[in-house]
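In: got a structure for you, letters missing:
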Ligand code: B12
Ligand code: SF4
């Protein structure tokens, strides 16, 4: 007879349940139309506290009824995520809605943008803000709140607490030493499991390009590089860490969907781990398709990893090509060369992996710069080009250099699809050329038709993606941003 062992859990705390909020950004165009995936950050946070309190997630991109959920869950604490700069006004608005509903609910904010620009949330409706990775800090905060222990709150590092009208930083280390790990680390492998079940009711609404019902995966945090436009290494303070292939395989085995995007900023950098992952997926007969963000330098240095991963199901790689000439790459401190990018493209194509090429459009461009970029994308048959406008993000090195040139500090413009810097071409012409880039290169429909033939996606999936994509090729959409209504509050 099987004996069931008792499960020892920390005693549950006597505070109201926690509701974690993914807000909805309705401004402008954004890439929301082409990708909307589960709020993995909130799933990890939920996994970090679910032995202490009841916890649930509302994804307002699908269910806008915040007050209904506050009432149904009787939440005593809410956590709101702010990953994108463009989300600042909606996060503030969500905090206000919570406090209007019930001023006693404790409001905590965190996330990528919030960590790099905390003062955006120094408003009376935000009680606490946690910078950096959230699992440990959020757990400690909930424990401290349950114990009504203000001193304990102040011991939590990189936390802002509200004192009257002021937000005060608890404490921070004097100087952080970079930790770029070459092998999996314990804190990654032992971090809580994401509570994917908490977004089950929203699953059918998530999409990744033309793939329905994607399940996202995380196997690394941070980045080993120092691009000057990028906020990732700033958020992670220069660290890079990974989990074991075994844990990743275990998680992949458990997810239901067929398409699995890895959200790591720098995936498959450690060849031994990448190859163990590929071998494991193959030997276990796990048949899914994967998407990941990888560096050209890693692809060129370890092509065998990518051949193995392709065999295991790697479908598409987002590669930060960024620029097509050496001078521009140097200006961005990208640490790569044009020949490295084109070599990596060839390796991936030989392996049968499609390329999502991330390319930066400089507002300072002349007409022929746009032509050259379109020619490059077509010449190298980049299946899924992504053109983002050079944007000095708060917290980056580029921001420090460019701050005095910004033509807008409206956070809604910081979505990489609108320029916040002056354009050399007249603004209408700039957006016309920008939108044309998508028309001139587009998504390679041949590849997509093959997916239909292979029954990986349906004709309807393809049609709905094409309709959403139309927004990106309409310059009027970008020009609308010039006359946004002011933000209230
Ligand atoms: C996966 C990803 C995507 C995916 C999906 C994103 C999504 N969730 O919808 C895709 C590919 C679609 C995407 C697209 C874009 N993305 Co993106 N993306 C990411 C990426 C790589 C990982 C996000 C993630 O899931 N991380 C894993 C989780 C576990 O980490 P986390 O979110 O940081 O959460 C932790 C902490 O922040 C904290 N935390 C988070 N929320 C909260 C809340 C509370 C209360 C607390 C206490 C703590 C806390 O705890 C969590 C666990 O430790 C980030 C980079 C990054 N490292 O964050 C960029 C990033 C968020 N994306 C960015 C951008 C700009 C975009 C794009 C505009 C274009 C582009 N450059 O790629 C588009 C637009 C998307 C859109 N919706 O309009 C920027 C945002 C910059 C900014 N300041 O606005 C980032 C930071 C990358 C970068 N530097 O370019 N993206
Ligand atoms: S752009 Fe990519 S490679 Fe460069 S620092 Fe950011 S995450 Fe790392």
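Out: Thanks, I have the structure now. Bear in mind the structure is a predicted one, so any value in this text is a computation, not a measurement. Ligands and ions are numbered 1, 2, ... in the order given.

In: Let me know the next secondary structure element after the lowest-mean-pLDDT helix or strand in the chain.
Out: The least trusted helix or strand in the chain, going by mean pLDDT, DSSP states H and E, turns out to be helix 445-453, with a mean of 76. Next in sequence after helix 445-453, counting helices and strands by DSSP states H and E, comes helix 459-469.

In: and that next one, what does it pack onto?
Out: Here helix 459-469 touches helix 445-453, going by 3 or more Cβ pairs under 8 Å, 6 or more residues apart in numbering; DSSP states H and E. Every residue, glycine included, has its C-beta placed from N, CA and C.

In: Kindly calculate the angle that the helix it packs on makes with helix 459-469.
Out: 150 degrees (axes from the mean of the first three to the mean of the last three Cα atoms, to 10 degrees).

In: Contacts for helix 445-453 next, please.
Out: With Cβ atoms under 8 Å, 6 or more residues apart in numbering as the test, helix 445-453 has contacts from 210, 354, 383, 457, 458, 459, 462, 465.

In: Run a quick neighbour tally on the third one.
Out: Taking other Cβ atoms under 10 Å as the neighbour definition, residue 383 ends up with a count of 22.

In: The second one now?
Out: Burial measure for residue 354: 19 neighbouring residues, criterion other Cβ under 10 Å.

In: Repeat that for the fourth one.
Out: Other residues within reach of residue 457 by the criterion other Cβ under 10 Å amount to 20.

In: phi, psi of it?
Out: Note on residue 457: backbone dihedrals following degrees, to the nearest 10 are phi -130, psi 170.

In: same question, residue 316
Out: Dihedral pair for residue 316: phi -150, psi 140, per degrees, to the nearest 10.

In: which residues does it contact?
Out: Applying Cβ under 8 Å, 6+ apart, we find residue 316 in contact with 291, 353, 354, 355, 356, 383, 384.

In: let's go with 10 Å and repeat that
Out: Neighbouring residues of residue 316 by Cβ atoms under 10 Å, 6 or more residues apart in numbering: 208-209, 211, 259, 261, 289-292, 348, 353-356, 383-384, 447.

In: show me what contacts the closest residue to it other than its chain neighbours?
Out: Spatial nearest neighbour of residue 316, excluding adjacent residues (Cβ to Cβ, 6 or more residues apart in numbering): residue 354 at 4.3 Å. Counting by Cβ under 10 Å, 6+ apart, residue 354 touches 291, 314-317, 348, 381-384, 444, 447, 451.

In: from those residues, which are also near ligand 2?
Out: Applying Cβ under 6 Å from any ligand atom to the contacts of residue 354, one finds that nothing falls near ligand 2.

In: ok, the residues you listed vs residue 84, which is closest?
Out: Using Cβ to Cβ, residue 291 is the member of the contacts of residue 354 that lies nearest residue 84, at 19.4 Å.

In: measure that closest one to residue 220 for me?
Out: Counting by Cβ to Cβ, to the nearest Å, the gap from residue 291 to residue 220 is 14 Å.

In: looking at it, residue 275 is touching residue 303, isn't it?
Out: No - between residue 275 and residue 303 there is no contact under Cβ atoms under 10 Å: 11.6 Å.

In: Please say which of those two ends up with more neighbours.
Out: Higher neighbour count among residue 275 and residue 303: residue 275, with 20 against 17, using other Cβ under 10 Å.

In: Quick one: name whatever helix or strand follows the helix or strand hosting the more buried one.
Out: Using DSSP H and E, residue 275 sits within helix 271-283. Per DSSP H and E, the first helix or strand lying C-terminal to helix 271-283 is strand 289-294.

In: still on that earlier bit, distance to residue 122 added to the contacts of helix 445-453, as a markdown table?
Out: As requested, these are exported to a markdown table (distance: Cβ to Cβ, whole Å):
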| residue | distance to residue 122 |
| --- | --- |
| 210 | 41 |
| 354 | 44 |
| 383 | 44 |
| 457 | 45 |
| 458 | 48 |
| 459 | 50 |
| 462 | 46 |
| 465 | 40 |
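
In: Enumerate the residues of this structure near ligand 1.
Out: Residues of the chain lying close to ligand 1 (Cβ under 6 Å from any ligand atom) are 30-32, 35, 37, 40-41, 44-45, 79-81, 83-86, 108-113, 130, 133-135, 138, 218, 230-232, 263, 265, 388, 393, 414-416.

In: Pull out the buried residues from the residues you listed.
Out: For these, a burial check counting by 16 or more other Cβ atoms under 10 Å picks out 30, 32, 35, 40-41, 44-45, 79-81, 83-86, 108-113, 130, 133-135, 138, 218, 230-232, 263, 265, 393, 414-416.

In: Mark which of those residues are part of strands, please.
Out: When these are checked against strands (DSSP state E), the matches are 35, 79, 80, 81, 108, 109, 110, 130.

In: for residue 137, what are its contacts?
Out: The contact partners of residue 137, by Cβ under 10 Å, 6+ apart, come to 45, 48, 108, 110, 128-131, 156-159, 170.

In: which stretches of the stretch 351-489 of the chain have low pLDDT?
Out: Low-confidence segments of the stretch 351-489 of the chain (pLDDT under 70): 443-446, 484-489.

In: That one: helices as residue ranges?
Out: With helices called from DSSP state H, counting those that start in this stretch, the stretch 351-489 of the chain shows them at 367-379, 397-402, 427-441, 445-453, 459-469, 475-479.

In: Which residues of the stretch 201-350 of the chain lie near ligand 2?
Out: Going by Cβ under 6 Å from any ligand atom, the residues of the stretch 201-350 of the chain near ligand 2 are 223, 225, 226, 227, 230, 232, 233, 265, 266, 295, 320.

In: Spatially nearest residue to the fifth one (excluding sequence neighbours)?
Out: Meaning residue 230. Leaving aside its chain neighbours, residue 230 sits nearest to residue 396 (6.4 Å; criterion: Cβ to Cβ, 6+ apart).

In: Residue 14: neighbour count?
Out: A count of nearby residues for residue 14, using other Cβ under 10 Å, gives 9.

In: same question, residue 72
Out: Neighbour count of residue 72, defined by other Cβ under 10 Å: 12.

In: I'd guessed it sits against residue 65; true?
Out: Yes - between residue 72 and residue 65 there is a contact under Cβ under 10 Å: 9.2 Å.

In: Enumerate every residue touching residue 127.
Out: By Cβ under 10 Å, 6+ apart, residue 127 lies in contact with 77-78, 95, 99, 105-109, 141, 145, 160-162, 167.

In: no, scratch that, I was asking about residue 422
Out: Going by Cβ under 10 Å, 6+ apart, residue 422 touches 363, 364, 405, 406, 407, 430.

In: I am finished for the moment; much appreciated.
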